[in-house]
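# Need coordinates for the below:
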Amino acid sequence: EILSEHTCQGWLEGYLLTGRHGLFSCYEAFIHIIDSMFNQHAKWLKTAREIPWRRPIASLNYLLTSHVWRQDHNGFSHQDPGFIDHVVTKKADIVRVYFPPDANTLLCVGDHCLRSWNRVNVIVAGKQPQPQWLSLEAAQKHCSEGIGIWEWASNDRGAEPDVVLACAGDVPTLETLAAVDLLQQHLPDLKVRVINVVDLMTLQPKSRHPHGLEDDEFDALFT
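Numbering: from 1, shown residues only. Just a heads-up that it's a prediction; the model follows:
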């Protein structure tokens with residue numbers, strides 16, 4: 001490990017060009033250091049796709065392990081989620097952003113990203129111990145859809161909910177489920193629906209991103 005994000009980014013880009021697979025783990029606040037290098041790699045991927053003799057290469061995968069929600073003793077210096085804003089401005093067929101809420105969904109997302117090519121994948125997952133919400137089988141189904149209702153945490157039972165609580169990421173998921181617990185204790189008649197988002201791109205319209213939802217699919221989730 002060296003404290004030079006530029007060097008790590010350059011190493012990974014070169015490593016991928018040799019036909020191998022790699023992962024760049026970094027803090028959310030410091031990944032901004034390679035913003036322009038990410039830009040150029042995304043542009044290169046777009047152009048390379050248009051050249052018939054250029055073979056696909058493994059995706060460039062970022063794992064952001066120290067994120068805005070949980071910083072303990074160094075929050076002021078380490079809080080900056082803006083890299084995600086930077087990534088999602090790129091071409092829809094190039095970038096993906098994932099927020100696995102537990103270890104099993106992280107395994108599924110990691111497996112998917114390492115099998116993909118010609119993309120830039122950003123995975124945001126903290127390094128603090130977290131509850132395990134889903135079995136591996138349930139996690140595989142949830143990650144394949146990218147977004148879904150957590151029936152086991154909801155009590156609307158398919159009816160029109162009074163409130164929809166949606167979350168993306170490990171800490172927001174934890175806080176959302178804590179809120180559900182309080183609502184069920186104090187307002188047991190309130191119909192609550194919990195929606196968890198793993199693939200951030202599902203929140204875009206299908207017309208703007210291949211992983212996006214059709215309007216009727218979005219309405220079926222969020223009413």
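# residue contacts, His41?
13, 60, 120 (CB atoms under 8 Å, 6 or more residues apart in numbering). Every C-beta, even on glycine, is put in place using the N, C-alpha and C of the backbone.
# Please narrow the residues you listed to those residing in helices.
Glu13 (DSSP state H).
# Turn the contacts of His41 into a markdown table, columns for pLDDT, neighbour count and distance to Trp133.
What follows is these, written out as a markdown table (pLDDT from 0 to 100; neighbours: other CB atoms under 10 Å; distance: CB to CB, whole Å):
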| residue | pLDDT | neighbour count | distance to Trp133 |
| --- | --- | --- | --- |
| Glu13 | 96 | 19 | 35 |
| Leu60 | 98 | 26 | 28 |
| Val120 | 97 | 21 | 27 |
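# and of the contacts of His41, the nearest to Asp156?
Closest approach to Asp156 among the contacts of His41 (CB to CB): Val120, at 36.7 Å.
# List the contacts of the closest one.
38, 41-42, 45, 59-62, 87, 90, 94-96.
# repeat that for 10 Å
Neighbouring residues of Val120 by CB atoms under 10 Å, 6 or more residues apart in numbering: 38, 41-42, 45, 59-62, 87, 90-91, 94-97, 113.
# Likewise for Phe83?
Counting by CB under 10 Å, 6+ apart, Phe83 has contacts 26, 28-35, 38, 62, 64, 97, 122, 124.
# any idea which helix or strand carries it?
For Phe83, the host element (DSSP states H and E) is helix 82-87.
# Can you tell me which helices and strands whichever helix or strand comes after that helix packs against?
Next helix or strand after helix 82-87 toward the C-terminus (DSSP H and E): strand 95-98. Where contact means 3 or more CB pairs under 10 Å, 6 or more residues apart in numbering; DSSP states H and E, strand 95-98 is packed against helix 35-49, strand 60-66, helix 82-87, helix 103-115, strand 120-124.
# Nearest to Pro161, out of those?
Nearest to Pro161, of the helices and strands packed on strand 95-98 and by CB to CB, is helix 103-115 at 23.2 Å.
# Also compute the angle for the closest one relative to strand 120-124, please.
170 degrees (axes from the mean of the first three to the mean of the last three CA atoms, to 10 degrees).
# that older thread, let me have the helices and strands packed on strand 95-98 in a markdown table, extended by distance to His186.
Compiled in a markdown table, the helices and strands packed on strand 95-98 are given as follows (distance: least, CB to CB, whole Å):
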| stretch | distance to His186 |
| --- | --- |
| helix 35-49 | 45 |
| strand 60-66 | 34 |
| helix 82-87 | 34 |
| helix 103-115 | 29 |
| strand 120-124 | 32 |
